[in-house]
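In: all I have is the shape, not the residue letters:
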Ligand SMILES: [Zn+2]
């Protein structure tokens, strides 16, 4: 078995394995102009939502957001890993398979082993969280899961539930001292952050945004791109919530423009839910992470005359708890392959499915 495939082979596969040939082996494609369309296999599709572009060698589903090249399609469709897909495509297209042996490929090998190490850290951490649920610290959480949520031991094991103790550095200490993992690898896994960096990328209370200036031109263009003539094609929870448009701006102006982009989309969603332009005197309680950003809340309010918008925590309800319940609800719907968006309230034209939940990471 070839363990590491040479980048040259991967490149040749990308060039020679035509996306239309690859996908039409599994689903029926119909020609439509320069492109092809078909029923998307990654969500409960009724009419063809998937477009396949021969010129871009790319597929994209307008309903669930699935997309990528021919390798990605096969990985998701056949649930095979990257190397297996590349190897099978190489054989099919008579491509010479080269493996990584020469010294010039050391950098590539290092990159592979770095990824393997990150996977290992995530796996070890997952097991650590699971073990915390079973020891004395997790006793209360375990009782809660069993008696109040009626989850059996089988379900707890199958979904690999864990418990995060109320501590800043337990996991870090375990990874460093017990598992003896290098500190740089632990940091680059993203599971812990160093104290020096902990506040750098976080706009606390919108202070950075407040000190910047909104770039109206970029903001309006971004809104137009996202909403497509102000009609929502999708709900806000799909993956193409892209803030790339702010890339050329300074940190402050970028934060101001992105915050207002977010605020305007949320405000439009609220207006849609009310079916009128100005909700009459009413109170909105918010539970998401954005509730901690006063600038964002004020920017949403700027879109209305008579509403008040407050963090739900003011009513002695834990916003983080409510949000996690809401996400848990969506995750379960997604797992059961039920739509996770609701056309009547979100304004997206069709129900969309969530991504695939990857089990046994
Ligand atoms: Zn789809």
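Out: Alright, I've got the coordinates. Bear in mind the structure is a predicted one, so any value in this text is a computation, not a measurement. Numbering: from 1, shown residues only.
In: can you give me the buried ones in stretch 24-41?
Out: Under the neighbour-count criterion of 16 or more other Cβ atoms under 10 Å, stretch 24-41 has 27, 29, 35, 36, 37, 38, 39, 40 buried. C-beta here means a position set from N, CA and C on the backbone, and glycine is covered the same way.
In: restricted to helices, list these.
Out: Judged by DSSP state H, the buried residues of stretch 24-41 include no members of helices.
In: when you check the ion, which of those turn up near it?
Out: residue 40 (Cβ under 5 Å from the ion).
In: closest one to residue 267 out of the buried residues of stretch 24-41, please.
Out: Of all the buried residues of stretch 24-41, residue 267 sits closest to residue 40, with 31.0 Å by Cβ to Cβ.
In: returning to what we had before: please tabulate the buried residues of stretch 24-41 in JSON lines, including the columns distance to residue 224 and pLDDT.
Out: Formatted as JSON lines, the buried residues of stretch 24-41 follow (distance: Cβ to Cβ, whole Å; pLDDT from 0 to 100):
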{"residue": "27", "distance to residue 224": "33", "pLDDT": "91"}
{"residue": "29", "distance to residue 224": "31", "pLDDT": "94"}
{"residue": "35", "distance to residue 224": "23", "pLDDT": "93"}
{"residue": "36", "distance to residue 224": "28", "pLDDT": "95"}
{"residue": "37", "distance to residue 224": "25", "pLDDT": "95"}
{"residue": "38", "distance to residue 224": "29", "pLDDT": "94"}
{"residue": "39", "distance to residue 224": "30", "pLDDT": "94"}
{"residue": "40", "distance to residue 224": "26", "pLDDT": "93"}
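In: among the buried residues of stretch 24-41, which ones are in strands?
Out: Counted as lying in strands by DSSP state E, out of the buried residues of stretch 24-41, are 35, 36, 37, 38.
In: of all these, which comes closest to residue 334?
Out: Residue 334 lies nearest to residue 38 out of those, by Cβ to Cβ, at 22.4 Å.
In: can you tell me how far the closest one is from the ion?
Out: 10 Å (Cβ to the ion, to the nearest Å).
In: my guess is that residue meets residue 31, correct?
Out: No: applying Cβ atoms under 8 Å as the test, residue 38 and residue 31 come out as separate, 10.5 Å apart.
In: count the residues that sit near residue 43.
Out: 23 (other Cβ atoms under 10 Å).
In: check what pLDDT it gets.
Out: Note on residue 43: pLDDT of 89.
In: isn't it right next to residue 62, touching?
Out: No: taking contacts as Cβ under 8 Å, residue 43 lies outside contact range of residue 62: 10.8 Å.
In: give me the common contacts of those two.
Out: Residues within reach of residue 43 and of residue 62 at once, by Cβ atoms under 8 Å, 6 or more residues apart in numbering, are residue 49.
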